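Asker: give the three-dimensional model of this entry:
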Amino acid sequence: MIQRVLIVDDSPIARKMIRKCIPENIEVYEASNGEEGIEKFKEVRPDVTFMDLTMPVMTGYQAIQDIIALDHNAIIVVITADVQMKSIKKVLDLGAYTVLKKPIKREQIEHVLHQIDKIVERAG
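Answerer: Now for the predicted structure:
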């Protein structure tokens, strides 16, 4: 069962919108850029990380690569407005679980969390 989620996005509004879509029984942590995201990942070891791609200091692309290097089983869901096929392919090749398009909808978060919950339970 998913217990901890990390949201990495430079927009406080985007983080708030994602947070509102996550069930209240799940602990939510936040970071405002990729570098902070990696540090927070090391600290809390979330079950799922929601990652933006375009951020200052360190992009989501680099953060995904670094997080997967730390934990090849990390589950990273990219949430971005950049849904070009080359961007989607790149993040999936880096190890992201899936890509969701901004603006995010509650149903998308609920659906992906349900899918991931099955994976987490099996890995148990």
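Asker: wait, what's in contact with the residue positioned nearest the centre of the chain?
Answerer: The chain has residue 50 as the residue nearest its centroid, 1.6 Å off, counting by C-alpha atoms, centre = their mean. By C-beta atoms under 8 Å, 6 or more residues apart in numbering, the contact list for residue 50 reads 5-9, 18, 76-79. The way it works is simple: take the backbone N, C-alpha and C, and place the C-beta from them, glycine included.
Asker: likewise residue 27?
Answerer: 3-5, 44.
Asker: from these, which one has the minimum pLDDT?
Answerer: The member of the contacts of residue 27 with the lowest pLDDT is residue 3, at 94.
Asker: for residue 77, helix, strand, or coil?
Answerer: With DSSP: H, G, I helix; E, B strand; the rest coil as the basis, residue 77 sits in strand.
Asker: give me the number of residues near it?
Answerer: 23 (other C-beta atoms under 10 Å).
Asker: same deal with residue 61?
Answerer: 19.
Asker: gap between it and residue 106?
Answerer: Separation of residue 61 from residue 106 (C-beta to C-beta, to the nearest Å): 26 Å.
Asker: so which residues of the chain form helices?
Answerer: With DSSP state H as the criterion, the chain has helices at 12-21, 34-44, 60-70, 85-94, 106-123.
Asker: contacts for the first one?
Answerer: Helix 12-21 is contacted from outside by 7, 9, 28, 30, 32, 50, 52, 79, 102-106, 108-110, using C-beta under 8 Å, 6+ apart.
Asker: got a list of what the closest residue to residue 59 other than its chain neighbours touches?
Answerer: With C-beta to C-beta, 6 or more residues apart in numbering as the criterion, residue 59 has its nearest non-adjacent residue at 5.7 Å, and that residue is residue 34. If a contact means C-beta under 8 Å, 6+ apart, then residue 34 has 8, 51, 55, 57-60, 62-63, 66 as its contacts.
Asker: mind doing that once more with 6 Å?
Answerer: By C-beta atoms under 6 Å, 6 or more residues apart in numbering, the contact list for residue 34 reads 55, 58-60, 62-63.
Asker: before we move on, what about residue 58?
Answerer: Here residue 58 is in contact with 33-35 (C-beta under 6 Å, 6+ apart).
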